[in-house]
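Chemist: generate a structure from the sequence data that follows.
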Amino acid sequence: MDNEENEVIDLTEILSAVRQHLLELIFVTLAAALVGFTASKFLMAPKYESSALMIVNTRQDVNANVTSDQINSATKLVSTYSIIIKSDTVLQQVIDNLGLNLTYAKLNDTQVMKITVQSDSPEWARQVCEQIITVAPDVIKEAVEAGSVKVISNPSLATEPVSPNIMKNTMLAAAVGFVLVIGIIVLQVLLDNKINTEEDVTKYLDMTVLGVIPQYDQGGKKE
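Modeler: Below you'll find the model as predicted:
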């Protein structure tokens, strides 16, 4: 029973160890945050996003009354249309129209999703997105004869990057540094089996302390 009690983690001891290493904890946390900020600000290439909205219809007669069945069918067609938009039929024509020095596979590596393009150049992202919504409707109508697509929102030129998230990366790096130091302190406490104070004698040896002999240095100063 005594051994089991001694193996229980003493939170008071851990908190005391944290207070003793408080400066190191603050320093490492701030240093990690600085590393995260620097990497996000200067080492990671910013990404700009341009997007457009297109409405999907199950029939080309947009003046007719729309039923719930047609809305459900149109919803199911969205996934089909997205595959067509990302196909070489659409993207190769985009490359040709813009005169891009890219292959279809390379252009498809950009994050094109729901007519959204991300690039390190805001103008490049806007041009590609604009060409996609220009080319895609005709290709979709030809591939899916019962459907139609209409552009309801044109792509705009992005002024602020969407990534990297500097604040998020900074906070994440600071949290990693904080947890790392706390983990090292807890590990040191758990591995420390030495008798350092008179309280340790009572706690671990179950003996009463009769007296304490102070240690003095050569100058007579008490250590």
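
Chemist: which parts of the longest helix seen in the chain are buried?
Modeler: As assigned by DSSP state H, the longest helix anywhere in the chain is helix 166-191. Applying a neighbour-count criterion of 16 or more other Cβ atoms under 10 Å, one finds I166, N169, T170, A173, A174, V176, G177, F178, V181, I182, I185, V189 buried in helix 166-191. All C-beta atoms are positioned from the backbone trio N, CA, C, and that covers glycine.

Chemist: hang on, I132 packs against V94?
Modeler: Yes: with contact defined as Cβ atoms under 8 Å, I132 counts as touching V94 (5.8 Å).

Chemist: ranges for the strands of this protein?
Modeler: Assigned by DSSP state E, the chain shows strands spanning 48-51, 53-57, 116-119, 148-153.

Chemist: just put those strands in CSV and tack on mean neighbour count and distance to A39.
Modeler: CSV is the format used below for these (neighbours: other Cβ atoms under 10 Å; distance: least, Cβ to Cβ, whole Å):
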stretch, mean neighbour count, distance to A39
strand 48-51, 21, 19
strand 53-57, 17, 34
strand 116-119, 21, 19
strand 148-153, 16, 34
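
Chemist: same list, those, but as TSV with distance to L11 and mean pLDDT please.
Modeler: Converted to TSV, the strands of the chain look like this (distance: least, Cβ to Cβ, whole Å; pLDDT from 0 to 100):
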stretch	distance to L11	mean pLDDT
strand 48-51	47	90
strand 53-57	54	73
strand 116-119	47	88
strand 148-153	56	74
